[in-house]
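1. when you get a sec, could you give me coordinates for this:
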Amino acid sequence: MMLRLLLSVILLLNAATAMARDWQIAPDDGVALVTILQKAEAGDYIRLAPGTYKGPIEINTPLTLDGQGQAHIKGNGTGTVITINAEDALVRGLKVTGSGSEGEFKDAGIKLNKTAHRSRVEDNVVIGNLIGIDVHGARNALVRGNIIEGRQDHRMNDRGNGVYVWNATGSKVVENDIRYGRDGIFVNTSKKNEFIGNRMRDLRFAIHYMYANQSAVRGNISLGNHLGYAIMYSDNVEIEGNLSRGDRDHGIMLNYTNKSTIFGNRIEQGGEKCVFIYNAHKNEFHNNLFAQCQIGIHFTAGSEKNSFAGNAIVNNRTQVKYVGSKWVDWSEGDKGNYWSDHAAFDLDGDGIADAAYRPNDIMDHILWTQPAAKSLMGSPAVQLIRWSQSAFPALLPGGVVDRAPLMQPNLPTIPEWEER
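-> Residues are numbered from 1 along each chain as shown. Next up, the predicted model:
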């Protein structure tokens, strides 16, 4: 009986495969594509010849729509250009333009609605739409290898996001090139997502997290944005192997983010702060580079039980800014961090400096609260205070101490972006 049932299933699958059709469509007034999409059945393959096709269109059947890299779906300036409602659909090789500008309705180049589970959007060029690609409730969706450029005729805060992920558990955004939107990838109220190998430029935030737990941000590149990686109100996030170069405000910001790992990232040549940690607890910062910012690491608002080891804090104007009355140890066992301004010896040759490193003193605290005191920095009184603190560490006011600073940096490497 079981063998007969198995044979019946195999025959049905073979019959379904045999019935799948391969449609070849040439550009016309837009009627042919809409008609074929209505007639198509599960498993059909629709190939578009080079040319321009009128949008908007909807995909309500699990099929493949392939523009072969030369077809253009052009919207009419209202709503979303391509809406995917079907599970297991594939849209690839298209140029997509002409969405509306209504932020309230989330007008987009391509939208995956909440029924479009496991659908894929790959290798498209999505240009000049409000939102590039909107993953709106579709579970386990994939957005890969797309070029996404937002509108430039709006102020930055009025533009849409390159990729918007909302309540889309298990979705992946991989190897996309995103530019000229508001945020490159904005994820809200979602979990178990992966954002891997994307490049983001000329944006407000490269990646912006809100209420997104148990997710991964790996191997991304943020260049010249206002802020690189903004992780907010989220727990258990893996931030690994990312690059932030030349981001204006912060490279990484953790705001109410807990129990996350920040490992092997390069944050460099930034403006204000390489890292800003605000009311974020129990996070692990290991083997990162924080270099050439006004402030290397700024943490405040009672952030506690964060672990720092193996990092390189290099050539920042202020290496650490922490205002607190108790000591915070930034070393684990016999391993601390590398500090470019720590003049120390290693007489036993074990790679660990013989003296502890304390980045801040009483004068730093005074300058943070009374900036006008900078005019006194060269005075003999200030020099005497600083000498006294170095000679008698008990006079120091509390703050960060690295009891096992490294003599050499361990610099993470980030692969260069390969143009497609």
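2. use CA for all of it now, contacts and neighbours both
-> OK.
3. partner strands of the top strand by length along the chain, with direction?
-> Using DSSP state E, we find that the single longest strand of the chain is strand 64-74. Applying DSSP bridges to the sheet, strand 64-74 is found paired with strand 45-48 (parallel), strand 51-54 (parallel), strand 90-97 (parallel).
4. most neighbours per residue, which of those?
-> strand 90-97 (a mean of 23; mean count of other Cα atoms under 10 Å).
5. tell me what the helix or strand just after that one is packed against?
-> Sequence-wise, the next helix or strand downstream of strand 90-97 (DSSP states H and E) is strand 108-112. Here strand 108-112 touches strand 82-84, strand 90-97, strand 125-129, strand 131-136, going by 3 or more Cα pairs under 8 Å, 6 or more residues apart in numbering; DSSP states H and E.
6. and the angle from the longest one to strand 131-136?
-> Relative orientation of strand 90-97 with respect to strand 131-136: 140 degrees, computed using axes from the mean of the first three to the mean of the last three Cα atoms, to 10 degrees.
7. save the helices and strands packed on strand 108-112 as a markdown table, and put in distance to I239 and mean pLDDT too.
-> What follows is the helices and strands packed on strand 108-112, written out as a markdown table (distance: least, Cα to Cα, whole Å; pLDDT from 0 to 100):
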| stretch | distance to I239 | mean pLDDT |
| --- | --- | --- |
| strand 82-84 | 30 | 98 |
| strand 90-97 | 29 | 98 |
| strand 125-129 | 27 | 97 |
| strand 131-136 | 21 | 97 |
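8. reformat those strands as CSV; add distance to W330.
-> Shown next, in CSV, are the helices and strands packed on strand 108-112 (distance: least, Cα to Cα, whole Å):
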stretch, distance to W330
strand 82-84, 49
strand 90-97, 48
strand 125-129, 45
strand 131-136, 40
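9. rewinding a little: restricting to C-alpha, output the longest strand of the chain in CSV.
-> Extracted C-alpha coordinates of strand 64-74, given in CSV (Å, rounded to 0.1, in the frame of the first residue of the first chain):
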residue,chain,number,x,y,z
THR,A,64,9.8,32.6,-12.3
LEU,A,65,9.8,36.1,-13.9
ASP,A,66,13.2,36.5,-15.6
GLY,A,67,14.2,39.8,-17.3
GLN,A,68,17.5,38.2,-18.4
GLY,A,69,19.3,41.4,-17.5
GLN,A,70,17.8,43.5,-20.3
ALA,A,71,14.0,43.9,-19.5
HIS,A,72,12.6,47.0,-17.8
ILE,A,73,9.4,47.1,-15.7
LYS,A,74,8.4,50.8,-15.5
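10. show me what counts as buried in that strand.
-> Judged by neighbour count (16 or more other Cα atoms under 10 Å), strand 64-74 contains these buried residues: T64, L65, D66, G67, Q68, G69, A71, H72, I73, K74.
11. of all these, which comes closest to V96?
-> I73 (5.0 Å; Cα to Cα).
12. A40: neighbour count?
-> A40 has 20 neighbours, counted by other Cα atoms under 10 Å.
13. and the residue lying closest to it once chain neighbours are set aside, what is it in contact with?
-> Once flanking residues are discounted, A40 sits nearest to T61: 7.1 Å by Cα to Cα, 6 or more residues apart in numbering. By Cα atoms under 8 Å, 6 or more residues apart in numbering, the contact list for T61 reads L37, A40, E41, A42, N85, A86, E87, A89.
14. among the residues you listed, which ones are in helices?
-> Per DSSP state H, helices hold the following members of the contacts of T61: L37.
15. just the pLDDT for the residue nearest to A40.
-> What the model reports for T61 is a pLDDT of 97.
16. likewise for S390?
-> Value for S390, per-residue pLDDT: 57.
17. the spatially most central residue of the chain: what's it in contact with?
-> The residue lying closest to the centre of the chain (Cα atoms, centre = their mean) is I207, at 3.2 Å. Applying Cα under 8 Å, 6+ apart to I207 gives the contacts D183, G184, I185, F186, G228, Y229, A230, I231.
18. likewise for V91?
-> Per Cα under 8 Å, 6+ apart, neighbours of V91: T64, L65, D66, R120, V121, E122, N124.
19. residue contacts, the closest residue in space to Q68 that isn't next to it in sequence?
-> In this structure, Q68 finds its nearest non-sequential neighbour in G93, 4.8 Å apart by Cα to Cα, 6+ apart. For G93, the contact set (Cα under 8 Å, 6+ apart) comprises D66, G67, Q68, G69, Q70, A71, E122, D123, N124, V125.
20. rerun at 7 Å
-> By Cα atoms under 7 Å, 6 or more residues apart in numbering, G93 lies in contact with D66, G67, Q68, G69, D123, N124.
21. how about H250?
-> Applying Cα under 7 Å, 6+ apart, the residues near H250 are L227, G228, E272, K273, C274, V275, F276.
22. distance check, it against T413.
-> 20 Å (Cα to Cα, to the nearest Å).
23. nearest to R21, of the contacts of H250?
-> Distances from R21 to those, taken by Cα to Cα, are shortest for G228, at 45.2 Å.
24. report how many residues lie close to that closest one.
-> 37.
25. and the pLDDT for it?
-> On pLDDT, G228 comes in at 98.
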